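Trainee: Any chance you can model this:
(chains A, B, C and D)
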Number of protein chains: 2
Amino acid sequence: MASQAVLKTVNLKTVCSACTLRELCLPIGLSKTEVEALEGLIYQRRTCRRGEHLYRAGLRFQSLYAIRSGFFKTYVIYEDGREQVTGFYMMGEIMGLDGISSDAHTCHAVALEDCEICEVPFDKLEELSRDLPSLQHHFHKMMSREIVRDHGVMLLLGSMKAEERLATFLLNLSQRFQARGYSPDTFHLRMTREEIGSYLGLKLETVSRIFSKFHEDGLVNVQNKFIELRNAAGLKRLIGEG
Amino acid sequence: MASQAVLKTVNLKTVCSACTLRELCLPIGLSKTEVEALEGLIYQRRTCRRGEHLYRAGLRFQSLYAIRSGFFKTYVIYEDGREQVTGFYMMGEIMGLDGISSDAHTCHAVALEDCEICEVPFDKLEELSRDLPSLQHHFHKMMSREIVRDHGVMLLLGSMKAEERLATFLLNLSQRFQARGYSPDTFHLRMTREEIGSYLGLKLETVSRIFSKFHEDGLVNVQNKFIELRNAAGLKRLIGEG
DNA sequence: CGCTATCTTGAGTAGCGTCAAGTCATGTGG
DNA sequence: CCACATGACTTGACGCTACTCAAGATAGCG
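Mentor: Numbers count the residues shown, from 1 in each chain, chains lettered A, B, ... in the order given. Got it, this is the predicted structure:
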C-alpha cells in the first residue's frame, strides 16, 4: 500500500519527454522542443480508481485523455437500456475522440483497474497543432486509426462466428501487450466475461464455453482472468477458416 | 444521355460557395473568404461511373473525397476473402478518412450509381486548416462523427436482432435523405440485398424475408429497390423493444 | 427477346441464446 | 482470521433465430 503510493507519485511527476509511452502516445515522432510544447498543455495528470467513470455520455466534452497506466472500457447505452462495449483501452491510447463531434461525450468510460491518465484540453491541442504540423498530422493519424479499428470490429461482428471472434480478441490483446513490452503469451484479463461478450456481440455463457473449448483443444490455458496462449498459430488458423 | 452530359457539365462547374451541399460538407460554418480558400485546394471534380472503384485498399492515400451526387459503398476484405460492407455514403459526406492512419487506403470504395465527387488533397487540407481554425475544427468534427457513426453500427451488430437492424437501417437512410431535401418516406435503395446484409451482419435471404414481413405488417411498401415507409413510428417502436 | 443478376420463398438445421443450477473467487465484517 | 455474502464463472438442457441449401420468380440489360 505504501509502495503503491510512492509509485503513483513518481509516475505523476513524469513528463511526456521522459514517459516510456511516448512512442505510442501523442508525442510520436515529435522533436524534443515539440514534445516540451505538448507537455505544457497537459491540464493535469490524475488517477482514476477501479470502477470510477472518467466521463459519461452527455457530459460536455473538453478534453482527450491519454492513458498512462491501467485499463478502461468504453460503452454506449441505447434508449431501451441495452449496453454495448465499444472498446477496451490501455496505456498509450487516447480516449474521448468521439466527443469532438458534438461537444459532448457520446459514450461512457470506466476504469477496469486503478489508472493514471493525462488530461489534454482539446482546444489547446487544436491551437498547438496549428503551429506544429507534425503534431497535427499525428493527431489526424490517431483519429483515423480509431476509425480503422472500428472497421475491424465491424468485420468481426458482422461476419465472424463466435470462436473466431474470441480468437481475434485474444490475439489483438496479445499484440497490444507485446507492443508495450509485456509478454504476448501471458496476461490478465481486466474485464469480465460479460464485458468481453458485449464487445464481441456474444452472451457471457458463450464466451465462457468457448474459453473452455479453447482450453480443451490446447490453444490457451484459462484460469479465471489469467490467460496463457499456448498455440497462437492455432488461434490464427481458426480465424482463417471462416 | 445528352441531357445527362449537360447536367454533368453544369454540376462540375459549381464551386463550394454555390454548392447546395455546403451545409453538409466541409464548408460548414466557414465564412465567405474561408470557403473560397477551400475551393482553391480542390484538386479536381470528377465523375465516377456505377461499378467503378474510387479507391482500393492498399493504394497510396493522398486525398479525401466529398460526394457531390451519387451513392457509394465502402468495404473491407479479410485475408480469407470474407467481405464486410463498412458504410454507405451519399452526397455531402466525406470518404477516405480511414486512409490517413497509414498513408494507404484500408478499404475499398465503389460507386453504386454514377457519381460526382470532389477530390481534396489531404496535405493541402492540413495546410489550410492550420490557417483556418474553423475549418480545422469542422474537419475534426467530421472525423469524430465517423467514429460515433461506427459505434452506432457496433451497437447494431452487437446487440440487435435482425428485424431491429433492418428497421434501424431504413430509418437512418430516411433521415439522411430528409436532411438532403428529399422525401424521408419514399426512396430507392442503391444497394442489393446482399450488400445490405453484409452491412447489417445478415444473409441476403434474411434481409429479403424481413422486407417481406415488414410489407405484410404494413410498415413499408417494398417493390424491389423502391421503398415507401408507411409507418415510421412502428419501425421505431420495433427497435425499442429489444 | 433471351441472358444474367437479383430477389423471393420454403424446408431443414446449426449455432448461439435462454434459463437454471451449482461452483468458485473476492472481499467484508464480526 | 474465519464465516459469510456477493459477484463472477461454468456447465447442462432446451429453444429459437438466422443460416444453408435449393428451386423458382422477377427485373434489368444488351
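Trainee: drop to CA atoms for contacts and neighbour counts, all remaining ones
Mentor: Will do.
Trainee: Return the per-residue confidence for A:Arg46.
Mentor: You'll see A:Arg46 listed with a pLDDT of 89.
Trainee: Could you give me the buried positions within the lengthiest helix in chain A?
Mentor: Determined from DSSP state H, the single longest helix within chain A is helix A:133-159. Neighbour-count burial for helix A:133-159 flags A:134-136, A:138-159 (criterion: 16 or more other C-alpha atoms under 10 Å in any protein chain shown).
Trainee: can you check stretch A:178-197 too?
Mentor: Within stretch A:178-197, judged by 16+ other C-alpha under 10 Å, the buried ones are A:180, A:184-187, A:189-191, A:193-197.
Trainee: so can I have a markdown table of those residues showing distance to A:Phe169?
Mentor: As requested, the buried residues of stretch A:178-197 are arranged in a markdown table below (distance: C-alpha to C-alpha, whole Å):
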| residue | distance to A:Phe169 |
| --- | --- |
| A:Arg180 | 17 |
| A:Pro184 | 13 |
| A:Asp185 | 13 |
| A:Thr186 | 14 |
| A:Phe187 | 13 |
| A:Leu189 | 11 |
| A:Arg190 | 13 |
| A:Met191 | 12 |
| A:Arg193 | 12 |
| A:Glu194 | 14 |
| A:Glu195 | 12 |
| A:Ile196 | 9 |
| A:Gly197 | 11 |
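Trainee: Contacts only, for the closest residue to A:Thr186 other than its chain neighbours.
Mentor: In space, and not counting its chain neighbours, A:Thr186 is closest to A:Glu228: 4.5 Å by C-alpha to C-alpha, 6 or more residues apart in numbering or on different chains. By C-alpha atoms under 8 Å, 6 or more residues apart in numbering or on different chains, the residues touching A:Glu228 are A:Asp185, A:Thr186, A:Phe187, A:Val220, A:Asn221, A:Val222.
Trainee: hang on, the earlier thing: what is the most widely separated pair among the buried residues of stretch A:178-197?
Mentor: Taking every pair in the buried residues of stretch A:178-197 and measuring C-alpha to C-alpha, the maximum separation is 25.8 Å, between A:Arg180 and A:Glu194.
Trainee: which ones are touching the closest residue to A:Ser102 other than its chain neighbours?
Mentor: In space, A:Ser102 comes closest to B:Lys141 once its chain neighbours are excluded; the distance is 7.4 Å by C-alpha to C-alpha, 6+ apart. Counting by C-alpha under 8 Å, 6+ apart, B:Lys141 touches A:Ile100, A:Ser101, A:Ser102.
Trainee: quick one: which of those residues is most hemmed in?
Mentor: Counting neighbours by other C-alpha atoms under 10 Å in any protein chain shown, the top entry in those is A:Ile100, with 26 neighbours.
Trainee: so which of the buried residues of stretch A:178-197 also contact DNA strand D?
Mentor: When C-alpha under 7 Å from any atom of the strand is applied, the members of these adjacent to DNA strand D are A:Met191, A:Arg193, A:Glu194.
Trainee: So which of these belong to helices?
Mentor: Secondary structure assignment by DSSP H places A:Arg193, A:Glu194 of these in helices.
Trainee: Could I get the ones next to DNA strand D among the buried residues of stretch A:178-197 in TSV, plus columns for pLDDT and distance to B:Leu38?
Mentor: Listed next are those as TSV, based on pLDDT from 0 to 100; distance: C-alpha to C-alpha, whole Å:
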residue	pLDDT	distance to B:Leu38
A:Met191	98	46
A:Arg193	98	49
A:Glu194	98	48
